[in-house]
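Asker: Compute the structure for the input listed below.
(one chain, ligands or ions: 1)
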Amino acid sequence: MNDLLKGKKGIIFGALNDKSIAWQVALKCHEQGAQFVLTNAPIAMRMGEINKLAETCNNAKIIACDVSKNEDMENLITQSLEILGGKVDFILHSVGMSLNIRKGRTYTDLDYKWTHETYDISSVSLHRLLQTCYKMDAISEWGSVVALTYIAAQRVFPDYSEMADSKALLESIGRSFGYHYGKSKKVRINTISQSPTKTTAGSGVKGFGDFFDYAAALSPLGNANAEACADYCVVMFSDLTRMVTMQNLFHDGGFSNTGFSQDVFSLMQNKGE
Ligand SMILES: NC(=O)c1ccc[n+]([C@@H]2O[C@H](COP(=O)([O-])OP(=O)(O)OC[C@H]3O[C@@H](n4cnc5c(N)ncnc54)[C@H](O)[C@@H]3O)[C@@H](O)[C@H]2O)c1
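Answerer: Residues are numbered from 1 along each chain as shown. The predicted model follows:
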């Protein structure tokens, strides 16, 4: 299917390198005819990788934005509306960071200053984004916002630490703001709960390789990769899903509804040997 996003304008957060889920989303949105602005934290831009993505995507403009800063968010939205020549139709929030995980602090020994930073960057940023857009009336009617999340918001994955609480908050903000934005402007807001994916953020979690293998063995379809997640995002940005809002949508090869699989049993036996 082609041109699913023809004529649509958007903002894509979080493409750090070609492993990033947001990177794949940008490629697919471009392929489907969308025009968009790319954004990431100023510090992430220094690596320069995002310039290559922008070139591939019809020389998309790049605007720096630390999602924990109001002034950065306001500047991003103002500039995006100017560059794109009007309101946006879709936004991808693909942002996550935990200093406690990065610095090896366990869930029972959290540094609360870092915890607040995690919440601010990884979940309150979705509220900041939506509130800024709401006040500036920056999203078209039937526009679609997607934020990426993980099943640790519902089930315990011990090493996911305070990111689990952060994702629970992110999903709740998606629902709550989805009500208000839906009522007043018919804007839809959903979260996509993605399989473990080999990216910079994903691989930073202790034991990632083990729960990647476990999820692959439990899920009847195996783990969903970043490209498949990008396909799902495109559908959620398209007019084909115009009545879907305030949902947490599992994109995980069936992991979330599976209790046991022979493949998991075999994996455990092999690891035990
Ligand atoms: N990789 C996985 O296993 C997995 C699974 C489910 C959900 N997710 C979610 O997908 C999203 C994207 O992560 P990814 O796996 O593609 O990894 P990634 O490391 O490529 O992307 C994370 C992005 O967050 C950005 N970021 C961090 N702090 C920021 C700030 N202050 N301001 C602006 N941007 C900031 C980083 O620069 C980076 O681009 C995250 O929300 C993550 O939690 C990932």
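Asker: so what's the residue in the stretch 151-273 of the chain that the ligand sits nearest to up against?
Answerer: For the stretch 151-273 of the chain, the residue closest to the ligand is residue 202, as judged by C-beta to the nearest ligand atom, at 2.6 Å. Bear in mind the C-beta positions are built from the backbone N, C-alpha and C, glycine included. By C-beta atoms under 8 Å, 6 or more residues apart in numbering, the contact set of residue 202 is 196, 208, 212.
Asker: how many other residues sit next to the second one?
Answerer: For residue 208, the count of nearby residues is 18 (other C-beta atoms under 10 Å).
Asker: Summarise which helices and strands the strand ranked longest in the chain is packed against.
Answerer: In the chain, with assignment by DSSP state E, the single longest strand is strand 139-149. Judged by 3 or more C-beta pairs under 8 Å, 6 or more residues apart in numbering; DSSP states H and E, strand 139-149 is in contact with strand 88-93, helix 125-136, helix 162-185, strand 188-194, helix 226-237.
Asker: Tell me the strands beside the fourth one, with direction?
Answerer: Strand partners for strand 188-194, identified by DSSP bridges, are recorded as strand 139-149 (parallel), strand 248-251 (parallel).
Asker: Centre of the chain to the last one, how far?
Answerer: Right, the one you point to is strand 248-251. 12 Å (C-alpha atoms, centre = their mean, to the nearest Å).
Asker: who touches it?
Answerer: With C-beta under 8 Å, 6+ apart as the criterion, strand 248-251 contacts 149, 151, 153, 171, 174-175, 190-195, 224, 228-229, 232, 236, 256-257.
Asker: Give me the contact list for the next helix or strand after it.
Answerer: On the C-terminal side of strand 248-251, the nearest following helix or strand under DSSP states H and E is helix 262-272. Helix 262-272 is contacted from outside by 213, 214, 217, 218, using C-beta under 8 Å, 6+ apart.
Asker: Just the ones of those residues in helices?
Answerer: Counting by DSSP state H, the contacts of helix 262-272 place 213, 214, 217, 218 in helices.
Asker: So for the residue of the stretch 151-273 of the chain closest to the ligand, what pLDDT did the model give?
Answerer: The model reports residue 202 with a pLDDT of 87.
Asker: now the contacts of strand 248-251: which count as buried?
Answerer: Listed as buried from these are 149, 151, 153, 171, 174, 190-195, 224, 228-229, 232, 236, 256; burial here means 16 or more other C-beta atoms under 10 Å.
Asker: pLDDT weak spots in this structure?
Answerer: 273 (pLDDT under 70).
Asker: ok so, going back, okay, the helices and strands packed on strand 139-149 in CSV with distance to the ligand next?
Answerer: Converted to CSV, these look like this (distance: least, C-beta to the nearest ligand atom, whole Å):
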stretch, distance to the ligand
strand 88-93, 7
helix 125-136, 7
helix 162-185, 7
strand 188-194, 4
helix 226-237, 7
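Asker: Pick the most buried one from these.
Answerer: strand 88-93 (a mean of 26; mean count of other C-beta atoms under 10 Å).
Asker: so what strands line up beside that one?
Answerer: Here strand 88-93 is paired, per DSSP bridges, with strand 9-13 (parallel), strand 139-149 (parallel).
Asker: out of those strands, nearest to the ligand?
Answerer: strand 139-149 (3.5 Å).
Asker: so residue 71 is in which element?
Answerer: Residue 71 belongs to helix 70-84 when elements are defined using DSSP H and E.
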